[in-house]
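A.B. asks: just need the structure, nothing else, for what follows:
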Amino acid sequence: MIASVYTGSTEKKALDQIVQMGGEVKISFETAQTRLHAKAWLFERNTGFHTAYIGSSNLTRSALVEGLEWNVRISTVDNENIVDRVRATFEQYWNDPAFVAYDPAVNGEALIEALAQERAPEAMTGSERLLALNLDLQPQPHQLQMLEELTAERSRGHHRNLVVAATGTGKTWVSAFDYRRLREAGHERLLFVAHRDEILRQTQLVFQLVLKDASFGERFVAGERPKIGAHVFASIQSLQRTIDKIDPAAWDVVIVDEFHHAESATYRRLLERLKPAFLIGLTATPERADGESVIHWFDNRIACEVRLWQALEQALLSPFHYFGTFDGTDLRGVSFTRGQYAVSELEATYLSNRERATRILQSVDEHVLEPGRMRALGFCVSVAHAQFMTERFNTVGIAAVALHANSPREQRIDAVTRLRRGDLQAIFTVDLFNEGVDIPEVDTILLLRPTESATVFLQQLGRGLRRTEGKAVLTVLDFIGQAHREYRFDVRYRALVGGTRQQLARAVENGFPITPPGCAIRLDRLAQELVLNNLRAAVWSSRKALSEDLAALDPTTRLPDYLRQSGHEVEDVYARPAASYSYSTLRARAFPRLAAGIGTKSFDRSFGRMVHVDDNERFDTWLSWLRNDEPPAVQSSATRDGRLQLMLFAALGGRSIPLVQLPALLATLWRDPARKDEFTDLLEILRDRARADTEPLDRMSPVPLHSHATYGLYEIVAASGLVSSAGTLRDTREGLLRVEASKTDFFFVTLEKSESEYSPTTRYEDYPISPTLFHWESQSTTSPESKTGQRYINHRSTGDRILLFVRARRNDSRGETLPYTCLGYARYVRHESSRPMRVVWQLERPMPAGFFQEAKVAAG
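C.D. replies: Predicted coordinates for the structure are as follows:
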């Protein structure tokens, strides 16, 4: 049985009696992260004819006997798929670490305390309640993913890490969990820096919770001074008075909150003085307007960040209702250069269009319940535009002011205070509140200018996403005109819900049927038509636009500089590998005179199929070869380097040609400097952005596969050294691969199985139960008594091994075959059924947190 203390309704006496009768009970002792309120009953039978009741009835006399309740009875006879889904969901909950095994003798007192606190929540703050319960706290899924990314960064030698996450997503908790890991590795001494006493007090409490140590830490703020100095929570004001006396190596771990303050003289002096083993910066701002000057402290890298839809799915931010409205303007004639409209022309267009201002007011009246009580921020194109909108709103009785960078500080403070108090309904601004300002009371965002940057769009949206008492939802009003043909609407909608351009086009066409919980996205008819046409025109990045951007640069510009200066991504350049797109072909188009010297096209398809590479061993080995003037000597396929050569051979297009041609293939690449340089640059870019925390499966084996790394099917075949009788890499189908030499069964699992791609006998029920447990169905002919079934069941005693590779779906939005994520070795736990067998496997290493969340969704 699974139970929770949510609402304080659970009775301890009832749970005690269930345990005494031999029942197993798991319970969630806190409700900040887990609010189980479901009522479902599952009765399993050895015959396989299971029954489930789903409905509103609690396990009480009033609910089961006297109350008017609605419940649905289902059975495997009539609804096998639904019963299977209920069983899978229960198993996922049962294996969730939020639910703890209940034993009255062990945690009965904790249950009493938790129920009492839930019935009187005003008695303590949330953190104080958790501290009183003395729970083993674990990171939430999005926080665990951030911690994994931090680990991956450090495995690549980056020990100065910037953590970016919106206010309310738990940056402080991430830093505490991260410190717990570092402390376990021997990095004990800690300095946490903030600029306000209340932040330090709350932060110290969070660390005490995570470390289960109510006495952890000393404060260095106001009149308090540390006596020991091993774990210090200090204000920057207190530190600045003693900076010159601080030992640069005094602390192993230094964490700086609100790192966007780091460019001030005080913070700079401190950061230049300290030499910790690990520097961690926390900020809610993905990229400030002067972002380069901040992230240079971190090798110009962001270590990890929480995506908006992840935070919304976790209910960490206020849900939003987004309304896109056609504003009647035509911006196709406005100058548009390198992703930006000309500000002066945009300003002139808006100031001369009073009808647009009228439409904006009409939209506010239509979508905001009480405009006279709203607290809105409006983002404008210029100071004149902000003043214009202020005048229009004041004219109709909606109190508004205009603020900009040159507004007196006192005026800005007064306006924000009045807005928070409700005396002011709108502030119109020019980039002033994009970042660094926290006004939780904001309940309406007016996007009054086209936003070309996803970062700026998220910053503006983020001004209203902070949760606060009394705010049920954030209303976002976006005003859309006829856009320049190169303007990218996909940027903002990808920021809202994720997905590719093709997926976004389908979402727009279908009215955004899938959004984060509590959120809604609505476009009026004309806005929908404009956005949809724009997305369809740009489903594949325009080769013409890409080459025009390159033509504006120097002909010698290399791939990393091109991406940085143009704002494009690697996937834009290698949009369709099957069409032989590469940076070299792009250069040939941009600079026709250079085309003759750019070499052959034989590798162009291959580069686009390598954007998944994400483990250090491939990066380090392949790059070490590419940095030499001559190709590497061919190694024996019985060695690790030899297998890495086979993997490179497969990646470069050698899937169906004899392996004896490996030297010739490498020689061809080395004779083509343009493509050799491109391949080198591509691997450097991929290494720089890789966030997978990979580990070698076996360092002593010649098989260079890593858990949590990503591989194409033929790379796996090459890594295993499998060669056909014709001397080529063995042709392998998806599903299963048995390698007798290593006594290993390779399982290749695709979670989404469409009827068009899989027959009824191959649409297996595969899904993750927990980060360490995976439910897998064998082939339809396999029984427990068969030789194969016995090998699965007894693999540990026979020395056989099971290796699991999983992907969400077969193809990506480009139509390209997706690679697999290696989840590593698995151990048999149990099975049921026959032909096919349903087997639960336990992974030796928990799957990545982000992958687990995605896999749960993909598996349905």
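A.B. asks: contacting residues around the closest residue to G281 other than its chain neighbours?
C.D. replies: Once its chain neighbours are removed from consideration, G281 has its nearest residue in F259; the separation is 3.5 Å (CB to CB, 6 or more residues apart in numbering). In short, each C-beta sits where N, CA and C put it, glycine included. With contacts defined as CB atoms under 8 Å, 6 or more residues apart in numbering, F259 is in contact with 162, 281-283, 294, 297.
A.B. asks: where does the residue nearest the centre of the chain land on pLDDT?
C.D. replies: Note on the chain: the residue nearest the mean C-alpha position is R307, at 5.2 Å, using CA atoms, centre = their mean. At R307, the model reports a pLDDT of 71.
A.B. asks: next SSE after the longest strand along the chain?
C.D. replies: In terms of residue count, the longest strand belonging to the chain (DSSP state E) is strand 820-832. Toward the C-terminus, strand 820-832 is succeeded by strand 838-843 as the next helix or strand (DSSP states H and E).
A.B. asks: what does whichever helix or strand comes after that following strand contact?
C.D. replies: Later in the chain than strand 838-843, the nearest helix or strand by DSSP H and E is helix 849-858. By CB under 8 Å, 6+ apart, the list of residues contacting helix 849-858 from outside reads 92, 141-142, 144-145, 147-148, 310, 708, 751-752, 767-768, 770-771, 806, 808-809, 821, 846-847.
A.B. asks: check stretch 230-242 too.
C.D. replies: Defining contact as CB under 8 Å, 6+ apart, one finds that stretch 230-242 is touched by 188-197, 200, 203-204, 207, 216-222, 226, 246, 251, 261, 266-267, 269-270.
A.B. asks: which of the residues you listed fall in helices?
C.D. replies: Members of the contacts of stretch 230-242 lying in helices (criterion: DSSP state H): 197, 200, 203-204, 207, 266-267, 269-270.
A.B. asks: let me know the closest of these to T172.
C.D. replies: Closest approach to T172 among these (CB to CB): T203, at 5.4 Å.
A.B. asks: verify the contact between the closest one and T172 for me.
C.D. replies: Yes - between T203 and T172 there is a contact under CB atoms under 8 Å: 5.4 Å.
A.B. asks: which neighbours do the two share?
C.D. replies: D257.
A.B. asks: still on that earlier bit, restricted to strands, list the contacts of F259.
C.D. replies: Judged by DSSP E, those include 162, 281-283 as members of strands.
A.B. asks: tell me the two of the residues you listed that are most distant?
C.D. replies: With distance counted by CB to CB, no two of the ones in strands among the contacts of F259 lie farther apart than L162 and L282, which are 8.2 Å apart.
A.B. asks: neighbour-wise, which of those two wins?
C.D. replies: With neighbours defined as other CB atoms under 10 Å, L162 and L282 compare such that L162 has more, 26 against 23.
A.B. asks: how near is the more buried one to H296?
C.D. replies: Using CB to CB, to the nearest Å, L162 is found at 10 Å from H296.
A.B. asks: next SSE downstream of whichever strand or helix holds D561?
C.D. replies: D561 belongs to helix 559-566 when elements are defined using DSSP H and E. Stepping forward along the backbone from helix 559-566, the first helix or strand reached (DSSP H and E) is helix 570-573.
A.B. asks: which single one of the ones in helices among the contacts of stretch 230-242 is nearest to R301?
C.D. replies: Distances from R301 to the ones in helices among the contacts of stretch 230-242, taken as CB to CB, are shortest for Y267 (19.1 Å).
A.B. asks: and for the closest residue to F43 other than its chain neighbours, the neighbour number?
C.D. replies: With CB to CB, 6+ apart as the measure, T51 is the residue that lies nearest to F43, at 4.7 Å, once sequence neighbours are left out. The local packing of T51 (other CB under 10 Å) involves 15 other residues.
A.B. asks: ok, R373 next?
C.D. replies: Applying the criterion other CB under 10 Å, we find 10 residues in the vicinity of R373.
A.B. asks: wait, what's in contact with it?
C.D. replies: 422, 425.
A.B. asks: switch to 7 Å and redo it
C.D. replies: Neighbour list for R373: G422 [criterion: CB atoms under 7 Å, 6 or more residues apart in numbering].
A.B. asks: are any of the contacts of helix 849-858 buried, and if so which?
C.D. replies: Buried members of the contacts of helix 849-858, scored by 16 or more other CB atoms under 10 Å, are 92, 141-142, 144-145, 147-148, 310, 708, 751, 767-768, 770-771, 806, 808, 821, 846-847.
A.B. asks: from the residues you listed, which land in strands?
C.D. replies: Judged by DSSP E, the subset of these located in strands is 767-768, 806, 821.
A.B. asks: now the residues you listed as a markdown table including distance to D688?
C.D. replies: Below are these laid out as a markdown table (distance: CB to CB, whole Å):
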| residue | distance to D688 |
| --- | --- |
| Y767 | 33 |
| P768 | 29 |
| V806 | 26 |
| T821 | 20 |
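A.B. asks: re the thing from before, can I get the buried ones among the contacts of stretch 230-242 as something I can paste into ChimeraX?
C.D. replies: The following ChimeraX command selects only the buried members of the contacts of stretch 230-242, with burial defined by 16+ other CB under 10 Å:
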select :189,190,191,192,193,194,195,197,200,203,204,207,216,217,218,219,220,221,226,251,261,267,270
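A.B. asks: closest one of the ones in helices among the contacts of stretch 230-242 to H831?
C.D. replies: Ranking these by separation from H831, with CB to CB as the measure, puts F207 on top at 43.9 Å.
A.B. asks: distance of the closest one from F216?
C.D. replies: Counting by CB to CB, the gap from F207 to F216 is 6 Å.
A.B. asks: V573 contacts L586, correct?
C.D. replies: Yes - between V573 and L586 a contact is recorded at 6.4 Å, counting by CB atoms under 7 Å.
A.B. asks: okay, and the common contacts of those two?
C.D. replies: Overlap between the neighbourhoods of V573 and L586 consists of L546, taking contacts as CB under 7 Å, 6+ apart.
A.B. asks: scan the helices and strands of the protein for the one with the lowest mean pLDDT.
C.D. replies: The helix or strand with the lowest mean pLDDT-type score in the chain, counting by mean pLDDT, DSSP states H and E, is helix 126-133 (a mean of 51).
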